[in-house]
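> build me a model from this:
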Amino acid sequence: MNKAAFLAVPALTLGALSMAAAPAMADQGEMWSSQATLSPLNNSGTSGGAMVDVHGNEATVSMNVSGAAETFMDGPFPHAQHIHSGEEAAAECPTPAADADGDGVVNTSEGLPSYGGIVTSLTTEGDVSADSGLAVDRFPGGGAYAYERTFELNAETSQALKDGTAVVVVHGVDPARMPAAAAEKMSDLDPSLPAAATLPAACGVLTASQMGAMPEGGADTGVTQETGSTAQAAVLGGGLLAAAAGGAWALRRRFARA
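The predicted structure follows:
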């Protein structure tokens, strides 16, 4: 499937705020399932569901996402997505009260006390560690997508799932849905990128459950200004193109999968 990917994205950014992956330590006999309802953040219109099925050292992650930012230039808007956790994090999705600078959105740094750093990057192929936090050529893209991948589970993620402290976050918000002042800002993680690129778009806490169907839609958590999974994502406009001056926000076309 043809994917759009950002060029010249530094390896730091989200990865610098994340937790390093460690060898898998889950008991080979363990089996359980955790589920999350993904509710919109930052008026993104993005919602969906996520499920993690654990079988020994392996985890199968399934996600359905809709209402997300749809396109950039001639390709799908790539959406970085991760499982977050942290010893000092609250294991929850941020509320508007986390907007410390008062610009009308909760940026990634402002959300960290709620959901913590990256413990697993939910890429479509290759590495799933925190080092791939912004490997957007290996993340899904577009206004709606289904994701499924099986990979070896690292110790931090396994423990977070057991403890109920794992949080799924999908990033990337259409700047047309952001307050004007916030849409003109650059990313809090990398000043060469527009804030829309890394802004949290949807969030859900993973809770243990019986093996079963993935939750659908987005529950009203008081975080979002709009609920529902059918919100139509507008095409990224001239404001984002202006912020991209100098090539920092250039895209290339590549095949992420055969």
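> beta partners for residue 141?
In this entry, residue 141 is beta-bridged to residue 78, by DSSP bridges.
> give me the number of residues near it?
Neighbours of residue 141 under the rule other Cβ atoms under 10 Å: 25. In short, each C-beta sits where N, CA and C put it, glycine included.
> wait, it sits on residue 80?
No - at 10.0 Å, residue 141 and residue 80 do not qualify as touching, with contact defined as Cβ atoms under 8 Å.
> part of a helix, is residue 196?
Yes - counting by DSSP: H, G, I helix; E, B strand; the rest coil, residue 196 is part of a helix.
> separation between it and residue 127?
Here residue 196 is placed at a distance of 25 Å from residue 127 (Cβ to Cβ, to the nearest Å).
> of these two, give the one with the bigger neighbour count.
When neighbours are counted by other Cβ under 10 Å, residue 196 and residue 127 differ, and residue 196 comes out ahead with 31 against 13.
> distance of the nearest residue to that one once chain neighbours are set aside from residue 136?
In this structure, residue 196 finds its nearest non-sequential neighbour in residue 175, 4.2 Å apart by Cβ to Cβ, 6 or more residues apart in numbering. Using Cβ to Cβ, residue 175 is found at 17 Å from residue 136.
> the helices in the protein, which residues?
13-16, 108-115, 155-163, 180-183, 195-198, 238-243 (DSSP state H).
> least reliable of those going by mean pLDDT?
The weakest mean pLDDT among these belongs to helix 238-243, with a mean of 32.
> I'd say residue 165 and residue 84 touch.
No - contact between residue 165 and residue 84 fails when scored by Cβ under 8 Å: they sit 9.1 Å apart.
> what is in contact with the two at once?
Shared contacts of residue 165 and residue 84 (Cβ atoms under 8 Å, 6 or more residues apart in numbering): residue 116.
> neighbour count winner among those two?
Per other Cβ under 10 Å, whichever of residue 165 and residue 84 has more neighbours is residue 84, with 31 against 21.
> isn't that one up against residue 117?
Yes - under the criterion of Cβ under 8 Å, residue 84 makes contact with residue 117 at 6.3 Å.
> which among the helices of the chain is found nearest to residue 49?
In terms of Cβ to Cβ, the element of the helices of the chain nearest to residue 49 is helix 155-163, at 16.1 Å.
> buried set for the closest one?
Across helix 155-163, burial judged by 16 or more other Cβ atoms under 10 Å covers 156-161.
> identify the residue spatially nearest to residue 120, adjacent ones excluded.
Spatially, and ignoring its direct neighbours in sequence, residue 120 is nearest to residue 83 (4.2 Å; Cβ to Cβ, 6+ apart).
> pull up the distance across stretch 174-193, start to finish.
End-to-end distance for stretch 174-193: 14 Å, by Cα to Cα, to the nearest Å.
> oh, and call the first residue 22 from now on, that's how I've got it
With 22 as the first residue, the last one maps to stretch 195-214.
> got the buried residues for it?
195-196, 198-199, 203-204, 206-211, 213-214.
> and residue 230, how many residues sit next to it?
12.
> the spatially closest residue to it that is not a sequence neighbour - how many residues pack around it?
Leaving out its chain neighbours, the residue that sits closest to residue 230 by Cβ to Cβ, 6+ apart is residue 56, at 5.2 Å. Residue 56 has 23 neighbours, counted by other Cβ under 10 Å.
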